[in-house]
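Colleague: structure for the following, please:
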Amino acid sequence: MKMRVITAIGLALLLSACASQIDVAVSQEPAAPGFWWGLWHGFIFPWSWIGSLFNPDIAVYAVPNSGGWYDFGFFVGITVLGGGSFFGSRSRGD
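Modeller: This is a model prediction of the structure:
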């Protein structure tokens with residue numbers, strides 16, 4: 001079990017080493033979406049995704065945005081507000 005966790009973490013780190021953000025996607029403008037917009041977009045992600053299947057004007061992620069803070073807000077919105085950590089923390093009755 002311990003070896004599986006170490007292998008999974010190693011693979012995740014290896015895969016994330018390839019990630020980069022395109023300079024065009026990061027805006028220094030004061031009106032660019034930041035942490036709070038990222039939080040909101042992460043929270044409404046499921047509905048945005050469904051809407052994007054039917055309407056090309058709906059996006060699940062704002063581009064351009066302020067960069068790291070927007071990404072952090074989006075992550076928190078999906079995991080905490082979107083129920084990701086709630087469903088993962090429920091006991092299975094073992």
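Colleague: which of the residues in stretch 65-83 are buried?
Modeller: 65-67, 69-71, 73-74, 76-78, 81-82 (16 or more other C-beta atoms under 10 Å). Every residue, glycine included, has its C-beta placed from N, CA and C.
Colleague: now it, how far from the centre of its chain.
Modeller: 5 Å (C-alpha atoms, centre = their mean, to the nearest Å).
Colleague: roughly how far apart are Y61 and F75?
Modeller: Distance, Y61 to F75, by C-beta to C-beta, to the nearest Å: 11 Å.
Colleague: nope, L15 is what I was after
Modeller: 16 Å.
Colleague: give me the nearest residue to L39, chain neighbours excluded.
Modeller: Counting by C-beta to C-beta, 6 or more residues apart in numbering, L39 lies nearest to G73, which is 3.9 Å off, once chain neighbours are set aside.
Colleague: what's near enough to touch the one you found?
Modeller: Each residue near G73 by C-beta atoms under 8 Å, 6 or more residues apart in numbering is listed here: G34, F35, W36, W37, G38, L39, W40, H41, G42.
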